[in-house]
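Asker: A predicted structure for the sequence below; I have some questions about it.
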Amino acid sequence: MRRNLAARIGVWSAHHRKTAILGWLLFVVLAAGIGGASGMVEMTDAENGAGDSARAEQILSDAGLSHRAGELVMVSAAEPDGWRTAARELSTAIGKTGEVTGLAAPVPSKDGKDALITFEMKGDAATSADRVQPVLDAVAGVREDRTDVTVHQFGEASAGKWLGDLLSEDFKQAEFTAVPLALGILLVAFGAVVAALLPVGLALTACMAAFGLLSLASHQLHLFQTTYSVMFLMGFAVGVDYCLFYLRRERDERAAGRDAETALRIAAATSGRAVLVSGLTVMVAMAGMFLSGLMLFKGFALATIIVVFIAMLGSVTVLPALLSWLGDRVDAGRVPLLNRRNKRGKKESGRIAGKLLRPVLSKPKFFAAVSVVVLLVLAAPALGMKTEELGLEKQFGSDSELSVAYRHISETFPGGPDPAQVVVEADDIAAPAVRKALAGFDKVTVHRAQNVAEIEVPLPGGEADLAGLREDRLPAAFDGTGARAYVTGEVAGSVDFNDQLKRGIVPVFLFITAVTFLLMLFCFRSYVIAVTSILLNLLSVAAAYGVMTAVFQHGWGASLIGSEGVGAIESWMPLFVLVVLFGLSMDYHVFVVSRIREAHGRGLSTRAAIDEGIRRTAGAVTGAAVIMVAVFSVFGTLSMQDMQQMGVGLAVAVLLDATIVRMVLLPSVMALLGERNWRTPRALTRLPSLDHSEPEPEPAPAAMADGTVGTGPRG
């Protein structure tokens with residue numbers, strides 16, 4: 001019979017397993033080695049921004065004016081002027097490091113009990129975190145010696161140092177926790193060490209190769225510092241899932257009495273095809289982030305596309321080769337207790353799924369309505385979602401040393417930690433009209449050679465003061481002078497970033513919904529399935545938004561996961577979660593609906609096909625969902641607020657998607673639609689038909705003259 005692409009790839013790999021396995025290993029080693037040697041290039045502030053703030057950063061960059069990292073050290077005493085000796089010691093110690101410039105005299109607070117010392121790190125701000133340690137040590141030394149005062153430090157360099165160390169520790173924690181966790185879940189699912197190691201090993205090698213390729217690509221498309229974490233999160237979860245689907249089908253066919261070659265061919269033609277369709281859908285959905293207009297999302301898109309492609313490639317090439325080579329040895333290392341449970345796993349899984357499906361299929365209207373109501377209730381908090389580019393003081397938690405320092409400094413010296421930086425460019429910065437306008441501001445630095453000036457303006461009122469600065473004060477000062485003024489800084493950058501996201505989310509949403517529709521239409525030749533796929537995805541995404549808002553914006557139950565409410569959702573999170581979930585939900589959707597279509601193609605009624613398809617996929621979907629939820633939950637326990645939001649949001653969405661959506665809402669909706677699920681409009685009948693049926697076993701090979709029987713590659 002005619003084989004689909006996945007089947008042809010799988011059969012070729014099984015017959016050329018040495019080439020497939022060695023080729024994969026060579027590819028991983030070369031990609032990881034060359035990429036590691038090249039290093040990753042991070043994006044600049046101008047590349048990571050949008051609007052006026054990005055324009056201001058670009059002007060400074062083009063003028064060769066390297067931005068210096070500002071630092072603030074506040075010393076507090078119980079009595080007025082009780083800080084003076086400690087402040088003098090701090091200034092001396094900081095100056096002796098040789099790493100700072102512009103060290104100013106202490107500025108007292110209104111009540112005289114506090115003083116603020118300001119200075120800048122020498123050199124470019126982008127590398128200041130690498131040079132700030134001597135300054136941190138100097139401040140820490142005075143803090144330890146002078147117990148009569150309290151010392152707080154906050155600044156771009158110190159926060160950057162803290163962030164870099166934290167990301168490194170968090171990434172190690174995620175890797176060392178997620179891998180054993182996934183391995184343990186697979187061990188329970190398969191009851192054999194080798195079968196459990198295969199998906200984990202392939203997922204890890206896929207991530208290694210993707211890391212290398214992404215490092216090479218970063219020299220053209222600069223990346224955000226958390227991109228590697230996002231790649232590992234996606235790559236490991238998807239890689240394990242793809243291998244799990246493939247391996248589970250092959251083992252099911254062997255358990256049904258198929259020989260090794262036939263079982264592998266069926267797995268390649270069915271689960272392999274589902275992996276290709278799912279992987280393609282994920283990659284195309286991720287490509288939608290290129291339309292956001294922000295380099296951050298372009299980097300996320302590139303990272304996820306690379307790692308999903310490599311994971312998909314490994315699942316349909318090297319996995320069949322390994323299964324062909326191992327044969328029955330894939331069950332080596334059986335764990336007695338788990339193995340006995342595993343032998344009953346398929347029947348028990350199908351039996352449990354059947355019991356759950358029986359009432360759903362008997363009363364589909366009731367269960368469809370209940371499922372929708374539950375998801376909408378979970379989604380309700382999202383109506384009040386507020387997004388912002390979370391500052392470092394919110395990223396680390398309110399009890400962290402950095403957040404405490406930020407809070408005390410900003411309360412005592414309003415506008416100090418987050419001042420606006422106004423960048424003014426003119427044809428002649430020394431022109432009388434421009435000089436007069438600049439004279440209206442306090443902290444002005446003029447760069448005559450570059451015709452650029454920098455102005456520092458405190459923003460004690462945050463966004464409200466920023467709006468007044470942009471809309472009133474700057475136009476009043478510079479209109480008619482020929483100079484152009486742009487505002488940057490943390491507050492301005494957050495506002496501009498959010499504005500660009502609001503503009504970019506519409507084209508991204510339209511793109512991924514249109515592409516998902518077309519891919520499902522091509523795969524199943526049914527506009528009904530295509531539309532229901534999108535609607536089910538939107539419900540999952542909305543529910544995830546609601547849970548994220550409730551936990552991280554309002555703080556409901558945040559303490560249960562060791563987090564806290566910060567009053568807002570990280571600005572890039574909604575768009576990222578939307579795109580990722582639209583892609584990842586296709587894992588389960590394509591896998592389940594393909595099995596339903598397969599049963600329907602054999603002549604079963606739609607309800608009978610739903611029952612068989614979901615029962616047969618229940619074990620694989622449950623295992624894949626448990627692994628994804630576990631991996632995402634690991635990220636929910638990390639230190640960074642944005643990593644927590646991403647981990648919890650994705651874990652909740654996958655859990656809802658694999659339970660309420662796939663086990664209740666999908667079968668009830670398909671049961672209500674009946675045979676209309678498979679209708680193809682006459683205008684679409686020319687679409688190529690993808691085979692969803694189970695391949696028939698090929699005729700038994702004829703006996704040889706010597707009485708032997710020809711066999712395919714076996715372990």
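Answerer: Cool, the structure landed. Numbers count the residues shown, from 1 in each chain.
Asker: can we go C-alpha only for contacts and neighbour counts from here?
Answerer: Noted.
Asker: can you pull the contacts of the residue nearest to the spatial centre of the chain?
Answerer: Residue closest to the average C-alpha location in the chain (CA atoms, centre = their mean): Val230, at 4.0 Å. By CA atoms under 8 Å, 6 or more residues apart in numbering, the contact set of Val230 is 300, 303-304.
Asker: from the contact counts, what lies against whatever helix or strand Val506 lives in?
Answerer: Using DSSP states H and E, Val506 sits in helix 490-524. The helices and strands touching helix 490-524, judged by 3 or more CA pairs under 8 Å, 6 or more residues apart in numbering; DSSP states H and E, are helix 51-62, helix 273-287, strand 387-388, strand 420-425, helix 463-468, helix 527-548, helix 573-601.
Asker: a helix runs through the residue nearest to the centre of the chain, doesn't it?
Answerer: Yes. Assessed by DSSP: H, G, I helix; E, B strand; the rest coil, Val230 belongs to a helix.
Asker: phi, psi of Val444?
Answerer: For Val444, the backbone dihedrals (degrees, to the nearest 10) come out as phi -120, psi 130.
Asker: burial count for the residue nearest to it when sequence neighbours are not counted?
Answerer: Spatial nearest neighbour of Val444, excluding adjacent residues (CA to CA, 6 or more residues apart in numbering): Ile455 at 4.5 Å. Per other CA atoms under 10 Å, the neighbour tally for Ile455 reads 19.
Asker: cool, and Tyr246?
Answerer: Residues within reach of Tyr246, counting by other CA under 10 Å, total 27.
Asker: element containing it, please.
Answerer: Taking DSSP H and E as the criterion, Tyr246 maps to helix 227-255.
Asker: just give me how far that helix sits from the chain centre.
Answerer: Distance, stretch centre to chain centre, for helix 227-255: 17 Å (CA atoms, centre = their mean, to the nearest Å).
Asker: so it versus helix 573-601, what angle?
Answerer: 10 degrees (axes from the mean of the first three to the mean of the last three CA atoms, to 10 degrees).
Asker: what about the next helix or strand after helix 227-255, average pLDDT?
Answerer: Next in sequence after helix 227-255, counting helices and strands by DSSP H and E, comes helix 260-267. Helix 260-267 carries an average pLDDT of 84.
Asker: quick revisit: which one of the contacts of Val230 is nearest to Asn498?
Answerer: Nearest to Asn498 out of the contacts of Val230 is Phe300 (CA to CA; 17.2 Å).
Asker: excluding residues flanking it in the chain, which one is nearest the closest one?
Answerer: Nearest non-adjacent residue to Phe300, counting by CA to CA, 6+ apart: Thr227, 6.1 Å away.
Asker: now do Gly504
Answerer: Using CA to CA, 6+ apart, the closest residue to Gly504 is Ser292 (4.3 Å).
Asker: okay but that neighbour is in contact with Phe509, surely?
Answerer: No. Here Ser292 does not reach Phe509: they are 9.8 Å apart, not a contact under CA atoms under 8 Å.
Asker: return the residues in contact with Val29.
Answerer: Per CA under 8 Å, 6+ apart, neighbours of Val29: Ala209.
Asker: how about a cut-off of 10 Å?
Answerer: Applying CA atoms under 10 Å, 6 or more residues apart in numbering to Val29 gives the contacts 35, 205, 208-209, 212.
Asker: which one (most neighbours) among those residues?
Answerer: Those, ranked by neighbours (other CA under 10 Å): first place Ala209, 26 neighbours.
Asker: how much space separates that one from Ala203?
Answerer: 10 Å (CA to CA, to the nearest Å).
Asker: between the two, what contacts are shared?
Answerer: Common contacts of Ala209 and Ala203, defined by CA under 10 Å, 6+ apart, comprise 307, 310-311.
Asker: can you show me the helices along the stretch 1-150 of the chain?
Answerer: Along the stretch 1-150 of the chain, the stretches classed as helices by DSSP state H, counting those that start in this stretch are 5-15, 17-38, 45-48, 51-62, 84-96, 133-145.
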